[in-house]
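Novice: Kindly generate the corresponding structure for this input.
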Amino acid sequence: MKQSILLIIAMLLAGCGSEHNGDSASPQTKTDQPAAMQPKPIQLAGLWRGVLASPGGELPFGIQVSKTESGYSAQILNGSERADTSAVLVDGQHIEIQFDWYDARIKASLDATGDVMNGQWSKTAAGAISQLPFKASRGYGHRFRFPADSQVMSSVNGVWEATFVDEDGESVAVGEFSQSGPVVKGTFLTPTGDYRFLAGHAMNGELKLSAFDGAHAFLFTAELSDEGILEGDFWSRDTYHASWTARRNDQAHEVLPDSWDMVAVTTEDHSVSFAFEDLNGQLVQLSDDRFQNKAMLLNIFGTWCPNCNDEAPVLAEFHQKYRDQGFEIVGLAFEYTGDKARDQQQLERFKNRYGIEYPLLLAGTNDKQQAAEVLGFIDQVVAYPTSVFLDRNHQVVNIHSGFAGPGTGEHYEKLKAELEAQIKALIN
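Specialist: I've put the predicted structure just below:
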């Protein structure tokens with residue numbers, strides 16, 4: 001019996017020894033699991049078709065994910081536009097695509113195949129968080145999907161006079177579209193800016209266009225009547241909706257008001273004053289020595305504004321080009337939240353993104369009526385951005401409302417030339 005007991009003890013000791021032996025793996029370790037049970041390595045690089053579940057239906061866009069030395073980067077595709085993202089974070093099966101300068105992000109998880117992402121897009125907006133469900137799948141053939149037997153719609157090439165109707169009433173716009181087969185690209189110009197790079201198709205009697213850049217989610221749909229009239233809907237983010245109609249009119253741009261004649265000066269002598277804090281909390285005033293005898297551009301803007309983001313690199317270039325000739329720019333920011341720390345952080349990101357070297361001052365929140373009251377020298381703020389041009393005596397010479405961005409093609413180039421001509425006139 002003593003021999004039996006010794007034999008059992010020896011067997012137990014041998015078993016304990018094998019548990020801690022690094023030379024052989026336990027049958028329960030991951031290395032012996034069947035290949036199908038192993039987590040699939042993440043391979044994000046390539047083209048993806050992203051979709052936001054807009055209240056108006058699918059809002060699609062392209063995503064180009066690239067492998068980098070430190071991880072991944074991504075760009076959002078809208079027609080010819082390649083919109084940057086600030087970071088792509090990967091944690092296991094979880095993906096976060098960040099748009100820091102818009103305080104926006106896409107958070108998603110890969111499914112078991114590694115070919116589908118499901119999640120949500122969110123962005124800080126005025127008094128709320130905008131959110132829409134998000135899904136992406138590998139490959140980016142057609143922006144909008146349609147049945148194989150679909151018929152290409154009659155061409156929408158050309159210029160269209162459009163009317164939008166929402167809860168605030170009617171507004172005019174001009175649609176400019178180019179169509180090749182089913183593929184349509186273009187934009188709408190409004191009295192104060194544009195709807196950026198729209199892309200989509202015209203199939204089965206229906207026009208569908210979308211744009212997404214991390215902050216702005218636009219979806220346009222319309223049907224073409226037998227009379228040649230487009231009638232449809234416009235959806236922006238998760239809350240805004242308008243109906244619209246449009247008819248061809250090569251002279252449609254004549255319906256838009258003059259963007260140089262929308263805002264008036266309220267001071268009798270056209271003088272201006274301001275006093276707001278910069279990103280370091282230092283008070284900056286027009287009376288400061290550095291502005292004396294300088295021609296100036298006061299840029300009323302918001303980091304959340306698409307047209308402001310289109311304008312920012314243009315202004316940064318003008319500042320570098322003409323500052324040694326007695327020209328200065330000051331950005332007066334009207335932000336969403338009223339949270340000083342958060343809004344200053346957004347201004348810092350905006351400044352870094354565009355290489356801005358002129359002062360950015362936190363002036364208030366984005367309510368247009370309140371902004372006009374805070375400034376005190378103009379009768380209204382019609383649009384963000386608004387550019388107020390001052391001569392060397394700091395009297396208002398001209399005011400331009402809005403900005404037509406690169407999605408408008410020749411209109412963008414024309415406006416840049418007009419702004420630069422105004423600067424040259426002030427410094428000479």
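
Novice: Report the beta-bridge partners for Phe301.
Specialist: Ala333 (DSSP bridges).

Novice: let me fix that: Phe164
Specialist: Note on Phe164: beta-bridge partners by DSSP bridges are Ser171, Trp244.

Novice: That one contacts Val174, doesn't it?
Specialist: No: here Phe164 lies out of contact with Val174, judged by CB atoms under 8 Å, at a distance of 11.3 Å. C-betas here are computed from N, CA, C, even on glycine.

Novice: Looking at the two, which is more packed in?
Specialist: Between Phe164 and Val174, Val174 has the larger neighbour count (other CB atoms under 10 Å), namely 24 against 18.

Novice: pretty sure that one contacts Gly186?
Specialist: No: Val174 is beyond contact range of Gly186, at 10.3 Å (criterion: CB under 8 Å).

Novice: Now list whatever residues contact both of those two.
Specialist: Common contacts of Val174 and Gly186 (CB atoms under 8 Å, 6 or more residues apart in numbering): none found.

Novice: residue ranges for the helices of the stretch 201-350 of the chain, please.
Specialist: Here the stretch 201-350 of the chain has its helices, by DSSP state H, counting those that start in this stretch, at 306-322, 340-354.

Novice: Quick one: the ones you listed as CSV, columns for distance to Ala126 and mean neighbour count too.
Specialist: As requested, these are exported to CSV (distance: least, CB to CB, whole Å; neighbours: other CB atoms under 10 Å):
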stretch, distance to Ala126, mean neighbour count
helix 306-322, 14, 20
helix 340-354, 12, 17
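
Novice: Please name whichever of those is nearest to Phe274.
Specialist: Comparing the helices of the stretch 201-350 of the chain against Phe274 with CB to CB, the closest turns out to be helix 340-354 (15.9 Å).

Novice: Pull the distance from that closest one to the chain's centre.
Specialist: 15 Å (CA atoms, centre = their mean, to the nearest Å).

Novice: Contacts for that helix, please.
Specialist: 86, 100-101, 103, 124, 279, 303-304, 309, 312-313, 316, 333, 335-337, 356, 360, 362.

Novice: for that helix, what is the average pLDDT?
Specialist: In this model, helix 340-354 has an average pLDDT of 96.

Novice: same thing with stretch 290-301?
Specialist: In this model, stretch 290-301 has a mean pLDDT of 98.

Novice: what's the burial count for Asp213?
Specialist: Neighbour tally, Asp213, other CB under 10 Å: 21.

Novice: Oops, could you answer that again for Arg196 instead?
Specialist: A total of 24 residues lie near Arg196 under the criterion other CB under 10 Å.

Novice: now the helices of the stretch 201-350 of the chain in JSON lines, with distance to Val374?
Specialist: Below are the helices of the stretch 201-350 of the chain laid out as JSON lines (distance: least, CB to CB, whole Å):
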{"stretch": "helix 306-322", "distance to Val374": "17"}
{"stretch": "helix 340-354", "distance to Val374": "14"}
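
Novice: Show me the one of those helices that comes nearest Asn157.
Specialist: Closest among the helices of the stretch 201-350 of the chain, using CB to CB: helix 306-322, at 24.5 Å.

Novice: Please name every helix or strand in contact with the closest one.
Specialist: strand 193-194, strand 295-301, strand 327-335, helix 340-354, helix 410-427 (3 or more CB pairs under 8 Å, 6 or more residues apart in numbering; DSSP states H and E).
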